[in-house]
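# Structure of the sequence below:
(2 chains)
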Amino acid sequence: MDELEAIKVTFFQECEELLADLEGGLLAMQDGNDDGDTVNAVFRAVHSIKGGAGAFGLEPLVRFAHVFETLLDALRSNEIPGTPDLTALLLRASDVLADHVSAARGLGTVDMDASAAMAAELKAATDPNAAPAPAAVVEDAPAEAAAPTYVDAAAPIVIGAEDGLDDDDLGFDFQPMTITLDAQAADAAVLDEGNVWTVSIRPKSDLYRKANETALLLRELSRLGPIQATLDDGAMPALEFLDPEAAYVTWSVRVETEQGEEAIREVFEFVDGDCDLEITRGEAPVADVLASLMEVGAPAPAAEPVVEAAPVETVAIETPVEEPVLAAPVVPEAAPAPAPVSAPVPATPPVAANAPAAPAGAKPAQIDVPGPGQSVIRVDPERIDRLIDLVGELVINQAMLAQRVGEYGIAPSSNLAMGLDELEQLTREIQDSVMAIRAQPVKSVFQRMPRLVREVANMTGKQARLVMDGENTEVDKTVIERLADPITHMLRNAIDHGLESPEERKAAGKNPEGVVRLAALHRSGRIVIEVQDDGKGINRERVFGIAVKKGLISPDLQLTDEEIDNLIFLPGFSTAEKISDVSGRGVGMDVVKRSVQALGGRISISSRPGQGSTFTLSLPLTLAVLDGMVVDVAGETLVIPLACIVESLRPKAEEIRPLGPSGSVLAVRDSFVPLIDVGLTLNYRDQSPAATEGVVLLVEGEDGSRAALVADAIHGQRQVVIKSLEQNYQQVEGVAAATILGDGRVALILDVDAVINLRRRGPPLPSDPTLIAAE
Amino acid sequence: MTRTVLTVDDSRTMRDMLRMALAGAGFNVVEAVDGEHGLEVLSAHRPDVIITDINMPKLDGFGFIEAVRVDDDYRAIPILVLTTESDPSKKQRAREAGATGWIVKPFNPEKLVEAIRRVAA
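Reported below is the predicted structural model:
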């Protein structure tokens, strides 16, 4: 059942949104920013998760959500007071709920003990008097494990008994014919007609007010077996006294069915209380039944009441069950409104005649009616990628055209050149607009962070409050997906290493609760993420000491404050003296730096002792285009990603030192970096020209290692559209991707890390980590 | 004659489930995300049957049912309340507001279609 699977995907998407709403609402309650509707919204979020989970038979999730919901229901109906402690409990419960959702999705597991403990806490909070929680059913609800059945079976089954579905809701599984328990029914005369029932129905006006309809009840009865309906309109007043909204008539129906009283009763489930109903076994004497229901003073029917009696009309209906078309006065199924029931039945509100009559066929099928003001289209991302690709081609084509026109020496003021300018502008606008389709607010990443902060703070014994800013800042979807890890690391680091313990903070005259600020903003075509804490700042003396101790730098290096701060990005650096649960998992800020660089980004830190640190992360808005340096190597045009380039220089002969039989290194200020001839590495040429004749680009790999790449000439910086080589050709070592330049030529984009590694695998170049690190 | 069913539920999952069950049984389905939206869709599509949730933002199920029932043009449309509430007081409130019948979540498609048949002319 593909459709059901698709809905399940929707369900989990919706769960994500609902969990975010839940957490947002709870945080608002925590901060006192809630309004009257917040608690309702929070309730609805849990309620909807439970509802969907029930439909998919996700039992553990349903059970936990039910306990959670029960507490929220008590809170919103003011049965229990809202307190900061309660909000904190609800927040923790929302984390457990999120775990349940993940587990139901097959991502991760739930700590069932913790979940049970949380459920117990929630129950205790729901009923402070420690009486058994009303939701006790959830505890012993049998694992019905119905999900697979639901997915596979052709006939889906009802899942989950959490709402206390009664047995009689599930079908008619008892056999009334085997044993007669009813003393009255033991009468021999009745036994002979065990399958005959007499049902007398006297609707009240409420029945019609709720849009129920006697005719439909009779139709339903006729599905059980042949029926014979008798109408008594004896209570009907004269026309001038008739209240069109009132009910006056009584039906007596003879039903012949093997399905028993329960099935008959079920027909009247929806009108329970809205009509007087009597169900008796056997061919009850009609006159008696009528008499028992008759209003005082009603004219008594004459001797042969059933057929001939004046005020009583009899309608014999003998239709097969599957064709419940009734003879008049009962409305045939196809009739638009119940109104035509024989004239003397006044109980049908007059309006009924025109209400449901609108033929549905007049309207085309309307799919996905969106909410007002929130129209959303769901599009396969592949289609957008294709569009982005095409626009990339358009940009290239436009550049080619401009270049060709330029070659013909056409004046810039000519109509042709001006038209081309306009085309260029349009092309750029189209490119921006297309990129905007894939742009999404960073919210989806940010909203996972409050939980992280709570958990890290709990684990480290710190008190931390997360303040978020710019959640609606938009960035390409491909970038968003890769933002989560760096942000997670930076936040962990800020709490674990940045913030002091509450005692230390008090001693320093600060609020014991530290503030961590996470912000996103756009700056000059890039997205900037800042993680700021108001902790102790970087202890430079200690950082320097550790770097020396770990052999990362030499002890007599003179470094500026900024350089010391940046030591924490060195691979293998960890400032925690003892490894903590949180940050000290063998990954440090170097991992962050590497993953940021892999995205073409940069990370920097600024810190003020006693006042805190700020990590600033800047990334390109998209991974579809790249800022690159266009260079010439052995007659080929290459693009080197700008994010990797530290600087470019023209080396002097005395700065180049030979190393080993074929290698050489370049002295850059205090350090030596290996010289790599790109042409040689990519097999464009066999012999390296002297580095002094070319240009050297100092590049930094993802792991922080540096190299000096030799090229013949620099053409300049350009934004290029990235074209995958793997998709169009095959993977080539040392090449990350390709692009098409304005003149229509294909240029390869250099994979700087691969080039550095390729060189290393050649004649080994002993590189001195001390010197590299010091740079 | 294809019957049109209006489903009013703030949960996309539930709307999709209803759509699957109803479309599979040959109904034309129109949807709304809350009571307020339901009233708008109501006038545009004139459904034969309405299925509504109770807990919804803006205008909840009770308010929605009441609003339908006071409108002379729509008050004869059968309304089924869809809810996980086993709480009889909720069901009672929905009935007082004018609900024709109810479906207990989680539902199965056959039960759903049967409930519609029971109230639809």
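# Every contact and neighbour count from this point should use C-alpha atoms.
Will do.
# Kindly tell me how buried A:Glu258 is, as a neighbour count.
Burial of A:Glu258 is recorded as 16 neighbouring residues (other C-alpha atoms under 10 Å in any protein chain shown).
# Find the nearest non-adjacent residue to it, please.
Using C-alpha to C-alpha, 6 or more residues apart in numbering or on different chains and skipping residues adjacent in sequence, the residue nearest A:Glu258 is A:Asn195, 5.4 Å away.
# is it true that the one you found touches A:Gly282?
Yes. Under the criterion of C-alpha atoms under 8 Å, A:Asn195 is in contact with A:Gly282, at a separation of 7.4 Å.
# Mind picking out the helix or strand in chain B with the poorest mean pLDDT?
The helix or strand with the lowest mean pLDDT-type score in chain B, counting by mean pLDDT, DSSP states H and E, is helix B:88-97 (a mean of 82).
# near chain A at all, the helix or strand following that helix?
Note on helix B:88-97: by DSSP states H and E, the next helix or strand toward the C-terminus is strand B:101-104. Yes. Strand B:101-104 is in contact with chain A by C-alpha under 8 Å from any C-alpha of the partner chain, via B:101-102, B:104.
# so can I have JSON lines of these showing neighbour count, distance to A:Glu23 and pLDDT?
Conversion of the residues of strand B:101-104 next to chain A to JSON lines gives the following (neighbours: other C-alpha atoms under 10 Å in any protein chain shown; distance: C-alpha to C-alpha, whole Å; pLDDT from 0 to 100):
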{"residue": "B:Gly101", "neighbour count": "24", "distance to A:Glu23": "35", "pLDDT": "87"}
{"residue": "B:Trp102", "neighbour count": "22", "distance to A:Glu23": "31", "pLDDT": "85"}
{"residue": "B:Val104", "neighbour count": "20", "distance to A:Glu23": "28", "pLDDT": "82"}
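# Would you mind listing the residues touching both of A:Asn195 and A:Gly282?
Residues touching both A:Asn195 and A:Gly282 (C-alpha atoms under 8 Å, 6 or more residues apart in numbering or on different chains): there are none.
# which ones are touching the residue most central in space within chain B?
To find the centre residue of chain B, average its C-alpha atoms and take the closest one (C-alpha atoms, centre = their mean): that gives B:Ile51, at 1.2 Å. When contacts are counted by C-alpha under 8 Å, 6+ apart, B:Ile51 touches B:5-8, B:79-82.
# so where does it fall, helix or strand?
For B:Ile51, the enclosing helix or strand under DSSP H and E is strand B:49-53.
# Okay, now the sheet partners of that strand, with direction.
Looking at strand B:49-53 with DSSP bridges, its paired strands and their directions are strand B:4-8 (parallel), strand B:79-83 (parallel).
# Show me where the chain dips below the pLDDT cut-off.
In the absence of a named chain, chain A is used. Counting by pLDDT under 70, the low-confidence segments of chain A come to A:1, A:128-193, A:284-375, A:524-525, A:574-588, A:622-624, A:702-704, A:760-775.
# oops, chain B please
Segments of chain B classed as low confidence (criterion: pLDDT under 70) are B:1, B:84-87.
# what are the ranges of the helices in it?
When secondary structure is read from DSSP state H, chain B shows helices at B:12-24, B:35-45, B:61-69, B:88-97, B:109-119.
# Out of those helices, which one sits most buried?
Neighbour counts (mean count of other C-alpha atoms under 10 Å in any protein chain shown) averaged over each of the helices of chain B peak at helix B:61-69, with a mean of 22.
# elements contacting it?
If contacts are counted by 3 or more C-alpha pairs under 8 Å, 6 or more residues apart in numbering or on different chains; DSSP states H and E, helix B:61-69 sits against helix B:35-45, helix B:88-97.
# Let me have these in a markdown table, extended by distance to chain A.
A markdown table is the format used below for these (distance: least, C-alpha to the nearest C-alpha, whole Å):
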| stretch | distance to chain A |
| --- | --- |
| helix B:35-45 | 7 |
| helix B:88-97 | 8 |
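# Tell me which of these sits nearest to B:Tyr74.
Comparing the helices and strands packed on helix B:61-69 against B:Tyr74 with C-alpha to C-alpha, the closest turns out to be helix B:35-45 (8.4 Å).
# I'd like the distance from A:Ala691 to chain B, if you could.
With the distance defined as C-alpha to the nearest C-alpha, to the nearest Å, A:Ala691 ends up 64 Å from chain B.
# can you count the residues close to that residue?
Each residue near A:Ala691 was counted by other C-alpha under 10 Å, and the total is 22.
# Done for today, thanks.
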